[in-house]
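**Student:** task: produce atomic coordinates for the following.
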Amino acid sequence: MQIFWIKIDKISYKELFEKITKFEVQNIVFTPNPEILLKTKKDSEFKNLINKANFKTSDWIGLYIAYQIIDNNYNKFINIVLLPYFFFNLFFRRKYLYKKYGERICWSDLTKDLIKYSEKNKIKVTIIDLYNPTDTKKVWSQKVFSKLLKEKFTKLDFDYFIYEPNKKEEIIDKIKDSKSKIIFSTLWMKGQEESVVEIMQKCTNIKIWLAIWSSFDYFIGFQKRAPKIWRKLWIEWLYRLITWPRKIDRLKRLYNAIFVFIFEVIRNKKS
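**Tutor:** Here you go, the predicted model:
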């Protein structure tokens, strides 16, 4: 299915995991969400970066509303009227949607499973983190990151770099000379996709490349992820809204991810 010139792959979680962990070729995996897709409409450079990925998988529930809107012959008005039905399918016919459009693949789940897989199979990984010296909380978390990750995954072999612009070439050279096979980039929107594509061109030893936002924060304790039941019900966004300290920022992001995104999908629909 294609949204705003970005083709999203119809694939299951198991199939994706099996393909990328063969380590036969270089694979970039991006998990576009509504926020990312909206940005690609205004930023052609970002759109081109996303399209360089070998796999672009569905993340966030709003994409399944978009798929249903795009995948019919109704006009824009009828699609607005049908929105309650599309939401009904989202919560009560999920298997049907997964079968038709591919499974939802959450970057946090994929990150954790790849880390466990790497630890078990003695595969070295590299993590590159955002350089932001003015964010005191971020700077503190980066100081204890390696220690906490090692406590959580005692046998994991990993390199951890703060991706400072003036040290970028030095970091890339270290990655190229390492035995790493997987890179996780946490540089946030566009920066992480940019870094992944840039490093891929120079480091042939890396076979899996992922842009993962704040995945590590969840499972080493910097942030608390929604309980499993919330995730199963597809209301993890509500848990984040309740627990997020900057609720106005979170509300703005939710508004864009739901209302603005769906409006843009309907507006751009060609009947």
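**Student:** contacting residues for the closest residue to Ala211 other than its chain neighbours?
**Tutor:** Using CB to CB, 6 or more residues apart in numbering and skipping residues adjacent in sequence, the residue nearest Ala211 is Gln192, 3.8 Å away. (C-beta placed from N, C-alpha, C; glycine too.) Counting by CB atoms under 8 Å, 6 or more residues apart in numbering, Gln192 makes contact with Ser185, Thr186, Ala211, Ile212, Trp213.
**Student:** where does the prediction get shaky in this protein?
**Tutor:** Applying pLDDT under 70 to the chain flags residues 213-214, 218, 221-227, 230, 233-235, 237-247, 250, 270-271.
**Student:** now the strands: where do they sit in it?
**Tutor:** In the chain, the strands defined using DSSP state E lie at 2-3, 6-7, 27-30, 55-56, 125-129, 158-162, 182-186, 208-211.
**Student:** of the ones you listed, flag the one that's most buried.
**Tutor:** Most buried of those, by mean neighbour count (mean count of other CB atoms under 10 Å): strand 208-211, with a mean of 26.
**Student:** quick one: strands adjacent to it?
**Tutor:** Neighbouring strands of strand 208-211 in its sheet, by DSSP bridges, are strand 27-30 (parallel), strand 182-186 (parallel).
**Student:** so the longest helix anywhere in the chain versus strand 182-186, what angle?
**Tutor:** Looking across the chain with DSSP state H, the single longest helix is helix 136-152. On the basis of axes from the mean of the first three to the mean of the last three CA atoms, to 10 degrees, helix 136-152 is oriented at 150 degrees to strand 182-186.
**Student:** from here on, count from 168
**Tutor:** Happy to do that; since the first residue is 168 now, the last one works out to helix 303-319.
**Student:** list the buried residues in helix 303-319.
**Tutor:** Residues of helix 303-319 classed as buried: Lys305, Ser308, Gln309, Phe312, Leu316 (neighbour count, 16 or more other CB atoms under 10 Å).
**Student:** tell me which other helices or strands that helix touches.
**Tutor:** Helices and strands touching helix 303-319, by 3 or more CB pairs under 8 Å, 6 or more residues apart in numbering; DSSP states H and E, are strand 325-329, helix 382-386.
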